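[1] could you work out the structure for the sequence below:
(chains A, B, C and D)
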2 protein chains.
Amino acid sequence: MSSKPPVVVTTHNPEALDAVFQALADPVRRDILTRLIDEQLLVSELAAPFEISLQAVSKHIQVLVRAGLVSQERSGRVSRCQLDAGPLYDAAVWINQYSHYWQQQFNTLAAWLGEIDDQNRSK
Amino acid sequence: MSSKPPVVVTTHNPEALDAVFQALADPVRRDILTRLIDEQLLVSELAAPFEISLQAVSKHIQVLVRAGLVSQERSGRVSRCQLDAGPLYDAAVWINQYSHYWQQQFNTLAAWLGEIDDQNRSK
DNA sequence: CCTATAATCAACTATATGGTTTATTATCAA
DNA sequence: TTGATAATAAACCATATAGTTGATTATAGG
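    Here you go, the predicted structure:
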């Protein structure tokens, strides 16, 4: 049998959302998360593409860990980083409050484009 | 005819996402956005429920404006605030990169719960 | 055993953030 | 015209953030 339950974090508390959105508000951290979709990576592997120091990347990873978006497993010298997408679900749920709104905006845009098209057609 | 096109901002540039996620990383600003779903509100109306000063709320609104999430129309003394949900769409698109991942986590959870259930059943 | 390496810790710097209080601007209304 | 009100601006403060460099820890490997 499997020894551990899968980690699914869905807290819905405001401070957790603060930390998640804060974590996402930096391109380096978003890039890290994107690269962890496909595979687990070491800190040094994650750091390699960036111009900033390894220490800076290590701190970015710590921000992601505190937000619950990444977990690290140390084995020997290396620290393997794994994506934990659970908190992103909370963020998605929050943002989806607005899905009807942008849908409506798109409908309005479509109507407006139709209007323009009608004007062009009638020239 | 309508004088202005609907405002739908879908830039997909990293700095815009930075500003949007940064704007969402504060509970006061998220509350403001939520209350603007149903109706346009004045700065003073938005500020009323909060314990912080009107000036502080005004600055929060400015952060939202810079992120493209709110627009303000001044008429006389008052400034009417309106939600602009366009940039939230970009954020939703970014986060939806991970939707399959949570789905997978949920599936794994379901499998694990099934396993537990099987264990309970066989006792 | 010794050395190189992976990662983190610590100290420091510059800038950004979130709040305050006071001042200013502009408008409404008596 | 005068006074009250809505909002913003400006100056200031405390704390957080993102980066640096240098030190420390622990492990891998010749």
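[2] what's around the closest residue to A:Ile37 other than its chain neighbours, how many residues?
    Nearest residue to A:Ile37, sequence neighbours excluded (CB to CB, 6 or more residues apart in numbering or on different chains): A:Leu83, at 6.3 Å. (Glycine included, C-beta is placed from N, CA and C.) By the other CB atoms under 10 Å in any protein chain shown criterion, the neighbourhood of A:Leu83 contains 22 residues.
[3] before we move on, what about A:Glu39?
    Other residues lying near A:Glu39 total 11 when counted by other CB under 10 Å.
[4] look at it and report its pLDDT.
    For A:Glu39, the model assigns a pLDDT of 96.
[5] repeat that for A:Arg66.
    Per-residue confidence at A:Arg66 stands at 97 (pLDDT).
[6] next up, the contacts around it.
    A:19, A:23 (CB atoms under 8 Å, 6 or more residues apart in numbering or on different chains).
[7] re earlier: thought the residue nearest to A:Ile37 was touching A:Arg35?
    No. The criterion here is CB atoms under 8 Å, and A:Leu83 misses it with A:Arg35 at 9.1 Å.
[8] any idea what the residue nearest to A:Ile37 is bridged to?
    Beta-bridge pairing of A:Leu83 under DSSP bridges involves A:Val70.
[9] measure stretch A:37-56 end to end?
    Using CA to CA, to the nearest Å, one end of stretch A:37-56 lies 21 Å from the other.
[10] so which residue of chain A comes closest to DNA strand C?
    Going by CB to the nearest atom of the strand, DNA strand C is nearest to A:Ser44 of chain A, at 2.6 Å.
[11] sweet, I'm off.
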